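[1] Build the 3D model from these lines:
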Amino acid sequence: MKTTEWKDWEIFCRVVEAGSFTHGAELAEVPKSSASAAIARLESLVGARLLERTTRRVRVTQQGQQLYDRVAPHFVALREISAEAASANEQVSGTLRIATPYEIGSQHLAPSLSRLMALHPNLQVEVDLTWDQPDLLKHGYDLAFVTTNTTLHDSSFASKRVVLIERAFYAAPSLVQARGLPRTPQELVAWPTLGNAGDRRWEFLRDGVELATLPVTPRMRTHNADMRRAAALDGLGVARLSPKFVEEHVRQGLLVRVLPQYVSSPLKVYVLMPARKLMPAAVRALLDLMERSLAFPAPARAPRRAARA
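    The predicted structure follows:
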């Protein structure tokens, strides 16, 4: 019985991928003569020609292609497993470059980032504040946090949803007193609003069911939640904000939750990463810390709409 040499199969895959014995041998890190011998042994083992040799290139036969399609994914997986195992002991050091909106950085990223730096004193961190989705490769970011009301824009980068930010509606007591406490979303139509840069409508949900939508033309449009909160505190409009972001102001009576029986659609926060085969140790360590502290949620289902009669 002939013995299977698994290195022969790896060399075969590399020669097919390179299209030549010379380059295939280099990829497999063996001499060209060893690559030729490996293919000969395989062809003897399977009883069929796997490669057609020409003066310039190597062409895979139909049976060779069928075998390659079945075998190659296993070697790819083994290489990735080997690389990940080797990187598990890689020192977390160097510089980690991150882009994030201000509120995401201060409320959700900062605790994990501080913990990461305490655990790894040889790590440096650079954080740029931006509300736009940056080009990670062009600007050299290892991670970028982005927010969206709906789904993530098409991207060539790897992505993972890390936070769902609940949102509700808040106004200053003076504005509520002047306008009267609304009982339905429709009663907010005439109210001044303070919105995000892309706000065109607000959704009103109860128990995960969307019951109403309200077209909005905000007096102020800004990604900066601090500015929306400040304007709401001054009585300039009703704002859609995270309850956590305004809990102290509500406790002090400086803001009132409007229509407390409703929430709005959550703001989704994603982390983008270059689509690398091997995740850098610092990136992996940060995401592990965030996963433990934030309890990354499972993908959320779209809110259900109320049934129409």
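
[2] For stretch 16-36, give the mean pLDDT please.
    Stretch 16-36 shows a mean pLDDT of 85.

[3] Render the CA-only coordinates of it in PDB, please.
    Output in PDB follows, covering the C-alpha atoms of stretch 16-36 (Å, rounded to 0.1, in the frame of the first residue of the first chain):
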ATOM      1  CA  VAL A  16      -1.300  24.800  -9.400                       C
ATOM      2  CA  GLU A  17      -1.700  28.200  -7.800                       C
ATOM      3  CA  ALA A  18       1.600  29.500  -9.200                       C
ATOM      4  CA  GLY A  19       1.200  27.900 -12.600                       C
ATOM      5  CA  SER A  20       4.800  26.800 -12.700                       C
ATOM      6  CA  PHE A  21       7.100  24.400 -10.800                       C
ATOM      7  CA  THR A  22       9.600  27.100 -10.100                       C
ATOM      8  CA  HIS A  23       7.200  29.500  -8.400                       C
ATOM      9  CA  GLY A  24       5.200  26.700  -6.800                       C
ATOM     10  CA  ALA A  25       8.400  25.300  -5.200                       C
ATOM     11  CA  GLU A  26       9.200  28.700  -3.900                       C
ATOM     12  CA  LEU A  27       5.700  29.000  -2.300                       C
ATOM     13  CA  ALA A  28       6.100  25.500  -0.800                       C
ATOM     14  CA  GLU A  29       9.700  26.300   0.300                       C
ATOM     15  CA  VAL A  30      11.200  23.300  -1.300                       C
ATOM     16  CA  PRO A  31      13.700  22.900  -4.200                       C
ATOM     17  CA  LYS A  32      12.300  22.700  -7.700                       C
ATOM     18  CA  SER A  33      13.500  19.100  -8.000                       C
ATOM     19  CA  SER A  34      11.600  18.200  -4.900                       C
ATOM     20  CA  ALA A  35       8.400  19.700  -6.300                       C
ATOM     21  CA  SER A  36       8.800  17.600  -9.500                       C
END
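
[4] buried set for that stretch?
    Residues of stretch 16-36 classed as buried: 16, 18, 20, 21, 23, 24, 25, 28, 30, 34, 35, 36 (neighbour count, 16 or more other Cβ atoms under 10 Å). C-beta: built from backbone N, CA, C; applies to glycine.

[5] List the ones among those that fall in strands.
    Among the buried residues of stretch 16-36, the subset assigned to strands under DSSP state E is empty.

[6] Residue 14 against residue 22, yeah?
    No. With contact defined as Cβ atoms under 8 Å, residue 14 does not reach residue 22; the gap is 11.0 Å.

[7] which non-adjacent residue is nearest residue 5?
    Of all residues beyond its chain neighbours, the one nearest residue 5 is residue 41 (6.4 Å), with distances taken as Cβ to Cβ, 6 or more residues apart in numbering.

[8] where in the chain is pLDDT low?
    Scanning the chain for pLDDT under 70 picks out 1-4, 55-56, 80-90, 149-157, 275-278, 293-309.

[9] ranges for the strands of it?
    For the chain, the strands defined by DSSP E occupy 51-53, 58-60, 94-100, 123-129, 143-148, 158-171, 193-195, 201-206, 209-215, 220-221, 238-241, 256-258, 264-273, 304-305.

[10] Could you dump those into CSV and include mean neighbour count?
    Output for the strands of the chain, formatted as CSV (neighbours: other Cβ atoms under 10 Å):
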stretch, mean neighbour count
strand 51-53, 15
strand 58-60, 17
strand 94-100, 19
strand 123-129, 15
strand 143-148, 21
strand 158-171, 19
strand 193-195, 24
strand 201-206, 18
strand 209-215, 15
strand 220-221, 18
strand 238-241, 27
strand 256-258, 19
strand 264-273, 20
strand 304-305, 12
